[in-house]
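[1] quick one, structure for this:
(2 chains)
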Amino acid sequence: MPNMSLKKVPAPEQKPEVRNKNFEEVTLCYTYEMAVTEAARCLNCKHRPCVGGCPVSVQIPDFISLISKGDLNGAFEAITATNSLPAVCGRVCPQENQCEEKCVRGIKGEPVAIGRLERFVADTHRALGAQRPNKIATNGHKVAVIGSGPAGLSCAGELAHAGYEVVIYEAFHRPGGVLMYGIPEFRLPKAVVLDEIENLKALGVKVETNIVIGKLFTVNELFDEMGFEAVFIGSGAGLPNFMNIPGEALVGVSSSNEFLTRINLMKAYDENYDTPIRHSKNVAVVGGGNVAMDAARSAKRLGAENVFIVYRRSESEMPARTEEVHHAKEEGIDFRLLTAPVEIIGNENSTVKSMKCIKMELGEPDSSGRRRPIPIEGSEFELEVDSVIIAIGTNPNPLIAGTTPGLKTNSRGCIATDDNMKTTREGVYAGGDAVTGAATVILAMGAGKQAAKAIDEYIKSL
Amino acid sequence: MFNITFMKHLNPLVVLMEIEAPFIAKKTKPGQFVILRIDEKGERVPFTVSSTDAIKGRVTIIFQMVGKTTRMLGALKVGDQICDFVGPLGMPTELSGIKKVAVVGGGLGCAIAYPQARYLYEHGAEVDIIAGFRTKDIIILEDELKACSNKLLICTDDGSYGEKGFVTNVLERRINEGAGYDCVIAIGPLPMMKFVSILTKKHNIKTIVSMNPIMIDGTGMCGGCRVTVGGKIRFACVEGPDFDGHQVDFDEAIKRLSTYKTEETQMLDHYCRLNGAV
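    Below is the predicted model:
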């Protein structure tokens, strides 16, 4: 019996006024009853548009009908046939732009809660004490993966399944990339990420942390001295952009990368950890993407009274996930839209005391297709803040491109690849944010998978 | 996990520590640094590499115990382990083409400038070292500095050893004596590097300084270490830590270094009380 309700089964959530003071997960998992009820909203329609909406083509109607049948193991296998990190994607994919956007139930009411169902399957699988996979016998060929974020993890997993000996080199002391340092605990518990990495290690993948490729070893050395036959670059887009307005070097101004790394990777919100973080009363976060939302909500949790999102366009242009914007508003974040910073002003101690902003209006679309924001003359005003966090985007780190002869990049530092993730260097493949610039976890994972297939074909051809 | 293989206190606050890290030992060049974390709850802290032994696979750092982490580090013993050690980070000092150099070290800066002085001396440059300390009791590395210089000029603020005065006084005198330096490398507290740079700018002598901003990742992903050089934002961990002393905004760097003063004082206080050091 299909469930014809026009609304998704709501997911249990911590109340806003409770959760904006702790770092625990905001949205909790469906219970079994909730999942079965929601699964029944899927009509199992013939043309399966949701699958086309998924960057890695998860066979969505299949896993949903397996939930309905009570076969959660089967549902897990159906998902992981194409998506190796369902516990992550179920939580962080922008489903509203992907699978759920195409869902036919979304024509009249809300689409099927595909993301919540994916998360339910993954979390239940883990909670029921899923066994770690077995080590796979290797074929004697070695591949190096640079970066342990979603692209690297997914590439490594695919290659390990195909019998390759894989070593992942991670610059930080903990693996996971943005999954670890970027996305906060309240959206993506680190235990989930570490569990996925343990699965990879069980397959036989080696993860070497504290190794910066481009500094300790170069890509050339990986080939010439360390016996690797192919290299996958998944080094992400971690170089923060600054606005180049006056006052950006004042005490109290930081990039969102710095702010979030202190909180997520170094656990600065916990006084048992030594890394310090500024606890500010009034914080302005500049930007409108997921990172800006994460920074704003984290600042609130650190005890700020007022947290402003300052974004130069309007809400409909914001790239952030709808759920994050919604949760941020519930948690008391003050959205100052159509507003752009002009100057950050400091006190006599060179510490932030306010930010001069100007109101904007939207004009014709620019090269990104979004309407161009135009300053309204004479509309300047000052926002009283003692911290400013800059979340206006990131570009790829130039370290690897700069130390790998023959590796072409574009003007933003993105590594050039063909349709098969192949770079301009023989044997070197790349994917994820290092190629596209800052994007999503699922796109990075899809790229990692594709690159693994290409690497397999390449090594077989040697 | 990385083993501590040797330790020595060079003065009551300055510690020399040797850590086993074979790959880093082989790759590090003068001017580069490492970042370490003592334990799971520790913070990531940068230390310039003072010397390396590529054969034994060891890296030596020299640091001053100023806050909680450096005090904890100084309290460790040979055989103890630190949980994370990453490097080499930053760009090596650009030392090619230098024929006559004044290496000016302020306090601990002498230990940081030591690898450059040694490299230049071993590669045939004429090296004057001007080493300044507050007082006689805290002088470090005198023998080592003598061994890699044509002239070693030590000065103390209080005159208890060597000449009385600041490194800028000695440097100015040497320039006026016609020393003819084609380069000055100045490493020490920010105010010292600032005033050395002001002096050398007057005489048009190329000056390399080594910046020491607060760092977290050390690879260029957070921008916490940003320094304004020639009006542009540069990351000390990516393009530095060396920069043209005549272009660095020192006043801004001095202010930024105090970002966590309150938190640092609180943590050190807490640590000292817990460990009976107060």
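[2] tell me the domain ranges of chain B?
    Taking automatic domain parsing as the reference, chain B has its domains at B:2-89, B:95-200, B:211-278.
[3] and the second one, what's its mean pLDDT?
    In this case it means domain B:95-200. Mean pLDDT, computed over domain B:95-200, is 96.
[4] at contact distance from chain A, anything in that domain?
    No: Domain B:95-200 stays clear of chain A (Cβ under 8 Å from any Cβ of the partner chain), getting no nearer than 13.6 Å. Quick note: C-beta positions are derived from backbone N, CA and C, even for glycine.
[5] rewinding a little: closest to A:Arg41 out of the domains of chain B?
    When these are compared by Cβ to Cβ, domain B:211-278 sits nearest A:Arg41, at 41.6 Å.
[6] any part of the closest one near chain A?
    Yes: with Cβ under 8 Å from any Cβ as the criterion, chain A is reached by domain B:211-278 at B:216-217, B:219-224, B:226, B:228, B:233, B:238, B:249, B:252, B:255-256, B:258-260, B:263-264, B:267.
[7] off-centre distance for that domain?
    Offset of domain B:211-278 from its chain centre (Cα atoms, centre = their mean, to the nearest Å): 13 Å.
[8] the stretch 101-250 of chain B: helices as residue ranges?
    Along the stretch 101-250 of chain B, counting by DSSP state H, counting those that start in this stretch, helices occupy B:109-122, B:142-147, B:167-176, B:190-202, B:250-257.
[9] can you name every helix or strand that the last one contacts?
    Judged by 3 or more Cβ pairs under 8 Å, 6 or more residues apart in numbering or on different chains; DSSP states H and E, helix B:250-257 is in contact with helix B:190-202, strand B:226-229.
[10] switch to 7 Å and redo it
    helix B:190-202 (3 or more Cβ pairs under 7 Å, 6 or more residues apart in numbering or on different chains; DSSP states H and E).
[11] list the buried residues in the helix it packs on.
    With burial defined by 16 or more other Cβ atoms under 10 Å in any protein chain shown, the residues of helix B:190-202 counted as buried are B:Leu190, B:Met192, B:Met193, B:Lys194, B:Phe195, B:Val196, B:Ser197, B:Leu199, B:Thr200.
[12] would you agree the fifth one is in contact with B:Thr168?
    Yes: under the criterion of Cβ atoms under 7 Å, B:Phe195 lies in contact with B:Thr168, with a separation of 5.1 Å.
[13] who's in contact with the lengthiest helix in chain A?
    Criterion DSSP state H: the longest helix present in chain A is helix A:441-460. Contacts of helix A:441-460 with the rest of the structure, by Cβ atoms under 7 Å, 6 or more residues apart in numbering or on different chains, involve A:55-56, A:83-85, A:88-89, A:92-93, A:141, A:143, A:149-152, A:154-155, A:158-159, A:162, A:229-230, A:232, A:234, A:420-422, A:427, A:429, A:431-433, A:435-436.
[14] let me see the contact set for whichever residue of the stretch 51-200 of chain A sits closest to chain B.
    Residue nearest to chain B within the stretch 51-200 of chain A: A:His173 (4.1 Å; Cβ to the nearest Cβ). By Cβ under 7 Å, 6+ apart, the contact set of A:His173 is A:Thr209, A:Asn210, B:Arg37, B:Asp84.
[15] the last one bridge partners, please.
    B:Asp84 forms beta bridges with B:Arg37, as assigned by DSSP bridges.
[16] which parts of the stretch 101-250 of chain A are strands?
    Remark: strands assigned in the stretch 101-250 of chain A by DSSP state E, counting those that start in this stretch are A:142-146, A:165-169, A:206-208, A:230-233, A:239-240.
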